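Student: any chance you could fold what I've pasted below:
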Amino acid sequence: MKRSRDMILSQILDICGRGALKTHIAYRANLNSNTATRYIDLLIANGLINKKNGQNIVYETTPRGQGLLVSFKKIQNELSD
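Tutor: Numbers count the residues shown, from 1 in each chain. Predicted coordinates for the structure are as follows:
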C-alpha cells in the first residue's frame, strides 16, 4: 500500500525530533536519497525542520514542526479508531 504524502512528512518530522542525518532520515522513512532530499527541502522551506551545520549536517524538528506532528498523530489516531 502506497503511503500518503502526509504520512511521509509526519514520519520525517518524528525522526528529526531527536536530530537526524539525511541518511538516517532516508533509511528510517524508507525513502531513496532524492526523495528524502525533496521532502527535507519542503519541510525546511516551511519552517518545520532546521538544518544545523557542523561536522555533519543534522536536521531537527522546529517547535512549529512539533505542533504539526501532534496534529498529524491526532488525525491518524482518529482515523484508526
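Student: let's see the helix or strand harbouring Glu60 as CSV, backbone CA atoms only.
Tutor: In this assignment (DSSP states H and E), Glu60 forms part of strand 58-61. The C-alpha trace of strand 58-61 is given here as CSV (Å, rounded to 0.1, in the frame of the first residue of the first chain):
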residue,chain,number,x,y,z
VAL,A,58,21.8,17.4,11.3
TYR,A,59,18.1,18.1,10.8
GLU,A,60,15.9,18.9,13.8
THR,A,61,12.2,19.5,14.1
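Student: residues in contact with that strand?
Tutor: Applying C-beta atoms under 8 Å, 6 or more residues apart in numbering, the external contacts of strand 58-61 come out as 13-14, 16-17, 19-22, 25, 40, 44, 48-52, 69. The way it works is simple: take the backbone N, C-alpha and C, and place the C-beta from them, glycine included.
Student: quick one, what contacts Leu13?
Tutor: Neighbouring residues of Leu13 by C-beta under 8 Å, 6+ apart: Leu43, Leu48, Ile49, Thr61, Gly65, Gln66, Leu68, Leu69, Phe72.
Student: phi, psi for the second one please.
Tutor: In this case it means Leu48. With angles defined as degrees, to the nearest 10, Leu48 sits at phi -100, psi -20.
Student: next, count neighbours for the nearest residue to it once chain neighbours are set aside.
Tutor: The shortest distance from Leu48 to any non-neighbouring residue, by C-beta to C-beta, 6 or more residues apart in numbering, is to Gly65 (3.6 Å). Counted by other C-beta atoms under 10 Å, the residues lying close to Gly65 total 23.
Student: and Gly65, how far is that from Ser4?
Tutor: 18 Å (C-beta to C-beta, to the nearest Å).
Student: then Ile12?
Tutor: 13 Å.
Student: the two - which one has more neighbours?
Tutor: Ile12 (27 against 9).
Student: do you know how far that one is from Thr61?
Tutor: For Ile12, the distance to Thr61 - C-beta to C-beta - is 9 Å.
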